[in-house]
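Enquirer: show me the folded form of this:
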Amino acid sequence: MVSKLLIPEWSVTQKGISSASFLMRLYKLTDHTAGQVGFVPSMQDAIEVRRQWIEKRKEIVVDIEPVYLPVDLDTPESTVH
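Expert: Prediction:
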């Protein structure tokens, strides 16, 4: 299991995504009824997006889960693979 202490915060810059780690934590939202998937940078954003999705279609089921994606550290501004 990956420790949260090893996953630093990341930010979006004009040149791309900036991270000091080889992994980046995002929150994945999955709408199981329509197959829609979304990624957001924080739990607060995930909760807000989930609320918006449910307001649009009340019969849906939306899961939120943290995911860790690798980034390329060969460049000063990392990119998601």
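Enquirer: quick one, helices of this protein?
Expert: 43-56 (DSSP state H).
Enquirer: so where's it uncertain?
Expert: Residues of the chain meeting the criterion pLDDT under 70: 1-12, 16-22, 71-81.
Enquirer: ok, now with 50
Expert: Residues of the chain meeting the criterion pLDDT under 50: 1-7, 76, 78, 81.
Enquirer: gap between Glu55 and Val49?
Expert: Distance from Glu55 to Val49, counting by Cβ to Cβ, to the nearest Å: 11 Å. All C-beta spots, glycine's among them, are computed from the backbone N, C-alpha and C.
Enquirer: okay, the two: which has more neighbours?
Expert: Val49 (17 against 8; other Cβ atoms under 10 Å).
Enquirer: show me what contacts the more buried one?
Expert: If you count contacts by Cβ atoms under 8 Å, 6 or more residues apart in numbering, Val49 has them with Leu29, Gly38, Val40.
Enquirer: I'd like to know how far it sits from Val62.
Expert: In this view, Val49 and Val62 are 8 Å apart by Cβ to Cβ.
Enquirer: need the overlap of contacts for those two.
Expert: With Cβ under 8 Å, 6+ apart as the test, Val49 and Val62 both reach Leu29.
Enquirer: can you redo the contacts of Val49 as JSON lines with distance to Leu23 and neighbour count?
Expert: Shown next, in JSON lines, are these (distance: Cβ to Cβ, whole Å; neighbours: other Cβ atoms under 10 Å):
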{"residue": "Leu29", "distance to Leu23": "19", "neighbour count": "20"}
{"residue": "Gly38", "distance to Leu23": "19", "neighbour count": "17"}
{"residue": "Val40", "distance to Leu23": "17", "neighbour count": "17"}
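Enquirer: so which of the residues you listed belong to strands?
Expert: Among the contacts of Val49, the members falling in strands (DSSP state E) are Leu29, Gly38, Val40.
Enquirer: my guess is the last one meets Arg25, correct?
Expert: No: counting by Cβ atoms under 8 Å, Arg25 is not a contact partner of Val40; they are 10.8 Å apart.
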